[in-house]
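Asker: I need the structure of the sequence given here:
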Amino acid sequence: MFDAQTTALLRAVLDDVCQTVSRYETSARTHVAAKILEAARQGEATPDSLMQVGRRALSEAPTMWR
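Answerer: So this is what the prediction gives:
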């Protein structure tokens, strides 16, 4: 898995990307988290690149409002 520093970065990116998403929108948050984790596993390590992945995932995420 990831070290503590990387885990903290991933959580911070997820929280930042999903700051406007309700905590009840679990499908959207889960989708974004999965995409961020996938990118990190493939070597993405900078906050900017992970934010970009997260934002793209959020725009594609399933929501209950669509």
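
Asker: please enumerate the helices of this protein.
Answerer: Per DSSP state H, the chain carries helices over the ranges 4-17, 26-41, 47-60.

Asker: now do the buried residues in the second one.
Answerer: Going back to what we said before, that points to helix 26-41. Going by neighbour count (16 or more other C-beta atoms under 10 Å), the buried part of helix 26-41 is 28-29, 31-33, 35-37, 39-40. No exception for glycine: its C-beta is placed from N, CA and C like everyone else's.

Asker: farthest-separated two in the residues you listed?
Answerer: Distance extremes for those: the farthest pair is Ala28 and Ala40 at 18.9 Å, using C-beta to C-beta.

Asker: quick one: the helices of the chain as TSV, columns for mean pLDDT too.
Answerer: Putting these into TSV (pLDDT from 0 to 100) gives the following:
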stretch	mean pLDDT
helix 4-17	96
helix 26-41	96
helix 47-60	96
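
Asker: which ones are touching Val13?
Answerer: Val13 sits next to 36, 47, 50-51, 54 when contact means C-beta atoms under 8 Å, 6 or more residues apart in numbering.

Asker: want to throw these into JSON lines with distance to Ala61?
Answerer: Compiled in JSON lines, these are given as follows (distance: C-beta to C-beta, whole Å):
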{"residue": "Ile36", "distance to Ala61": "12"}
{"residue": "Pro47", "distance to Ala61": "20"}
{"residue": "Leu50", "distance to Ala61": "16"}
{"residue": "Met51", "distance to Ala61": "15"}
{"residue": "Gly54", "distance to Ala61": "10"}
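
Asker: now list the buried members of these.
Answerer: Those of those that meet the buried threshold are 36, 50-51, 54, by 16+ other C-beta under 10 Å.

Asker: ok, the nearest residue to Leu50 once chain neighbours are set aside to Asp3 distance?
Answerer: Distances taken as C-beta to C-beta, 6 or more residues apart in numbering place Val13 nearest to Leu50, at 4.5 Å, with adjacent residues excluded. Separation of Val13 from Asp3 (C-beta to C-beta, to the nearest Å) stands at 15 Å.

Asker: ok, Lys20 - how many residues close by?
Answerer: No, residue 20 isn't Lys; it's Thr. Other residues lying near Thr20 total 7 when counted by other C-beta atoms under 10 Å.
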